[in-house]
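*Asks:* need the 3D shape of this:
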Amino acid sequence: MIWLLFLAIVLAAVYLPSWWVKKTMAKYSQPDDRYPSTGADLARHLLDQAGLGRVTVETTDQGDHYDPMDKVIRLAPDRFHGRSLTAVTVAAHEVGHALQDAGHYAPLKLRTRLVRVVRPLERIGAGVLMGAPLLALVLRLPSAGLLMMAGGLLALGTSTLVHLVTLPTEFDASFGRAMPLLEQDGVLIRGDGPHARRILKAAALTYVAVSLVSLLNIARWWALLRR
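*Replies:* Reported below is the predicted structural model:
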């Protein structure tokens, strides 16, 4: 009974943030014509005001993000074309990342460097996990356990590290950059400020949810490995 209660608490801690993020984003996506400008239009306006004309804005199906390598803000179609509170607030959040990049914000630079290193390591780790039994047989190793442990740490642990390092970057983009832009530029309709803060909190907590899920995946993998 105690273990079941513990499991329920762990699952709630892992999945509730993700559920809350999705619920918050969906709630303020209606009405979809609340603002005169689309998310893309607002992002372009804020970028131009900040002197970041070289940063482009485009649509994507890979989720809202700022790419510091290509200097581009990518928005999901409903944010790019949408005129909802969620669309304009998320667009401002991504502009916040562009401002961080322009200002050489240290946590963003660290995350960018980590991503460059982590991507090949994740591929290597996945390859080791899949090939561990065969490698153990060919190399006549007594056990594939150590290989699988190394592969799991590379495939899962490195991505978790990136998500955790991303957290201060996300909160700064939301509350240190985006919210002042929305307030100072008079973008928000009167009374929308508290709701925009909820959306910005959700945008920042996206990586908290992803980090927790990554940690749960590591725990699952470790439990399977020890069987």
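*Asks:* just the helices in the protein please.
*Replies:* Assigned by DSSP state H, the chain shows helices spanning 2-27, 39-49, 77-80, 85-102, 106-138, 145-152, 158-171, 179-184, 193-226.
*Asks:* those helices: lowest mean pLDDT?
*Replies:* The weakest mean pLDDT among the helices of the chain belongs to helix 145-152, with a mean of 55.
*Asks:* endpoints of stretch 45-55, how far apart?
*Replies:* 11 Å (CA to CA, to the nearest Å).
*Asks:* got a list of contacts for that stretch?
*Replies:* Contact with stretch 45-55 is made by 37, 57, 71-73, 91-92, 95, 98-99, 102, 181, 185, as judged by CB atoms under 8 Å, 6 or more residues apart in numbering. The C-beta positions use only the backbone N, C-alpha and C, and glycine is treated the same way.
*Asks:* kindly recompute the last result at 10 Å.
*Replies:* Contact with stretch 45-55 is made by 37, 43-44, 56-57, 66-68, 70-73, 88, 91-92, 94-99, 101-103, 177-178, 181-182, 184-185, 187, as judged by CB atoms under 10 Å, 6 or more residues apart in numbering.
*Asks:* write the ChimeraX selection for whichever of the residues you listed are buried.
*Replies:* Entered in ChimeraX, the line below selects the buried ones among the contacts of stretch 45-55, by 16 or more other CB atoms under 10 Å:
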select :43,44,57,66,67,68,72,73,88,91,92,94,95,96,97,98,99,101,102,177,178,181,182,187
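*Asks:* grab the nearest non-local neighbour of Q62.
*Replies:* R74 (6.8 Å; CB to CB, 6 or more residues apart in numbering).
*Asks:* and that neighbour, bridged to which residues?
*Replies:* E58, H65 (DSSP bridges).
*Asks:* I'd like the distance between it and R83.
*Replies:* Applying CB to CB, to the nearest Å, the value for R74 to R83 is 19 Å.
*Asks:* do the same with S37
*Replies:* S37 is 7 Å from R83, by CB to CB.
*Asks:* again with Y66
*Replies:* 21 Å.
*Asks:* measure G51 to G186 for me?
*Replies:* Note on G51: its distance to G186, by CB to CB, is 19 Å.
*Asks:* I misspoke; the intended subject was R74.
*Replies:* For R74, the distance to G186 - CB to CB - is 26 Å.
*Asks:* neighbour count for those two, which is higher?
*Replies:* R74 (20 against 8; other CB atoms under 10 Å).
*Asks:* so what's V72 scoring on pLDDT?
*Replies:* pLDDT, read off for V72, is 98.
*Asks:* who's in contact with the closest residue to it other than its chain neighbours?
*Replies:* Nearest residue to V72 in three dimensions, chain neighbours excluded: T56, at 4.7 Å (CB to CB, 6+ apart). Shown in contact with T56 (CB under 10 Å, 6+ apart): A43, R44, L47, D67, D70, K71, V72, I73, R74.
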